[in-house]
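Engineer: Pasting a predicted model and its sequence here:
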Amino acid sequence: MEGSVKFFNRKKGFGFIHGEDGQDYFVHFSALPRGVFLRDNDKVSFESAQGERGLKAENVQLVAKASDLGLAPQRSPRGSEGQATEESQGDSQEPQEQQEEY
């Protein structure tokens, strides 16, 4: 399935993807390939699964960056936590805090 990143908080290591089926899917950094970080509006492909607390995305792959699609990352009501700058996309570092997986 494909979808777009609704928001992703790099600090906490999780976010949500809006799937092409109209559903929102929880995504944890562990579902991403090593070194890949998501930004708001990135296009992704993923496998959907039922978690303990709702729908979740597994085996997430980046299809296209929002910037390559001409879409600027949107500032979410949660502030700029979900935004990654070019400087912050260097060496990957796993989030210090880990959110419970759905």
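Structural biologist: Yep, it's here.

Engineer: Where does the prediction get shaky in the chain?
Structural biologist: 72-102 (pLDDT under 70).

Engineer: biggest strand in it, by residue count?
Structural biologist: Secondary structure of the chain per DSSP state E: the longest strand is strand 54-64.

Engineer: neighbouring contacts of it?
Structural biologist: 2-3, 17, 19, 23-28, 31-33, 36, 38, 42-50, 101-102 (Cβ atoms under 8 Å, 6 or more residues apart in numbering). C-beta: built from backbone N, CA, C; applies to glycine.

Engineer: Using neighbour counts, pick out the buried residues of that strand.
Structural biologist: The neighbour-count check on strand 54-64 (16 or more other Cβ atoms under 10 Å) flags 55, 56, 57, 60, 62 as buried.

Engineer: Next, format those as JSON lines and append distance to residue 69.
Structural biologist: As requested, the buried residues of strand 54-64 are exported to JSON lines (distance: Cβ to Cβ, whole Å):
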{"residue": "55", "distance to residue 69": "24"}
{"residue": "56", "distance to residue 69": "24"}
{"residue": "57", "distance to residue 69": "19"}
{"residue": "60", "distance to residue 69": "17"}
{"residue": "62", "distance to residue 69": "12"}
